[in-house]
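A.B. asks: give me a model of this one.
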Amino acid sequence: MDKPRRAILGAAAALVAASPLAKAQGRGRAGEAPPLAASPQEKRVLEVIADVGGNQRYLSVPEEDGRLLRILAESLGAKQVVEIGTSTGYSGLWLLLALAKTGGRLTTYELDAGRYEAAKRNFERAGLGKHVVQVLGDAHEEVKKLKEPIDLLFLDADKEGYVDYLARLRPLVRPGGLIVAHNMASPPADPAYLRAITTDPALETVFLNMQSAGVGVTLKKR
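C.D. replies: Below is the predicted model:
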């Protein structure tokens, strides 16, 4: 089994443990026990994540989805991660936990200037600014400038735009790379995007955490 498939299955197992059924069986939800820091740097980042999650608006993902992103990126050994929809940086901070370990870089796009600035402050507070390239503007246009291969693409912006982002960026996603899309359950996913990721034999998709916002994890096959 190759590394991307192991990453997906490992993340799926983590989310099974977080399900209501698992809670009823005494294992608890993943979000109830905070993640444990393995280093002073990780402790600093987790403290910023906790502050953003508890005190700031416009969170892009719930904690369990943020932890999933970290698991996927670190399992891949990702060097190049692209995020469409920075918001205030909450999901980006989870990705950066992985990229600080892999030596990778996050390129993240945001249309709103206020959220862009809030994210910048949060990344700097976490001490991870050197791992981030922030882009302010319309991602549909700005991503045309990307040239480097992508290990993990995370979509969490205008839901009707997912098909366009997929068309523009899929050629850059390396074989064995992942395309992760948020809000596959709530709000309802764009049917055109669902068709694109489930009817193409060159892609393999699983859906996780569908009892909440929902995450689609798509493997670009080798």
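A.B. asks: given the lengthiest strand in the chain, what are its sheet partners and their directions?
C.D. replies: Counting by DSSP state E, the longest strand found in the chain is strand 173-182. Sheet pairing for strand 173-182, assigned by DSSP bridges, gives strand 150-155 (parallel), strand 215-220 (antiparallel).
A.B. asks: who's in contact with the closest residue in space to Leu136 that isn't next to it in sequence?
C.D. replies: Nearest residue to Leu136, sequence neighbours excluded (CB to CB, 6 or more residues apart in numbering): Tyr116, at 4.7 Å. For every residue, glycine as well, the C-beta is placed using N, CA and C. Going by CB atoms under 8 Å, 6 or more residues apart in numbering, Tyr116 touches 86, 110, 134, 136.
A.B. asks: 10 Å instead?
C.D. replies: Counting by CB atoms under 10 Å, 6 or more residues apart in numbering, Tyr116 touches 86-89, 108-110, 134-137.
A.B. asks: return the members of those residues classed as buried.
C.D. replies: Buried members of these, scored by 16 or more other CB atoms under 10 Å, are 86-89, 108-110, 134-136.
A.B. asks: among those, which are in strands?
C.D. replies: By the criterion of DSSP E, membership of those in strands covers 108-110, 134-136.
A.B. asks: dump the residues you listed into CSV; add distance to Pro188 as well.
C.D. replies: Listed next are these as CSV, based on distance: CB to CB, whole Å:
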residue, distance to Pro188
Thr108, 25
Tyr109, 23
Glu110, 24
Gln134, 30
Val135, 28
Leu136, 29
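A.B. asks: closest one to Ala192 out of these, please.
C.D. replies: The closest of these to Ala192 turns out to be Tyr109 (CB to CB; 20.9 Å).
A.B. asks: ok, that closest one touching Gly137?
C.D. replies: Yes: in this structure, Tyr109 is within contact of Gly137 by CB atoms under 10 Å, at 7.2 Å.
A.B. asks: which neighbours do those two have in common?
C.D. replies: Common contacts of Tyr109 and Gly137, defined by CB under 10 Å, 6+ apart, comprise 116, 143.
A.B. asks: how about the nearest residue to Ala113, chain neighbours excluded?
C.D. replies: Closest residue to Ala113 apart from its sequence neighbours, by CB to CB, 6+ apart: Leu136 at 6.3 Å.
A.B. asks: give me the beta-bridge partners of the one you found?
C.D. replies: Residues in beta-bridge contact with Leu136 (DSSP bridges): Glu110.
A.B. asks: how far away is it from Tyr109?
C.D. replies: Distance, Leu136 to Tyr109, using CB to CB, to the nearest Å: 8 Å.
A.B. asks: shared neighbours, the two?
C.D. replies: Contacts common to Leu136 and Tyr109, judged by CB under 10 Å, 6+ apart, are 86, 116, 142.
A.B. asks: between those residues, which is nearest Gly127?
C.D. replies: Nearest to Gly127 among the shared contacts of Leu136 and Tyr109, with distances taken as CB to CB, is Thr86, at 17.7 Å.
A.B. asks: give the contact list for the closest residue to the closest one other than its chain neighbours.
C.D. replies: Spatial nearest neighbour of Thr86, excluding adjacent residues (CB to CB, 6+ apart): Glu110 at 3.7 Å. The contact partners of Glu110, by CB under 10 Å, 6+ apart, come to 83-89, 92, 116-120, 134-137, 139, 142, 157.
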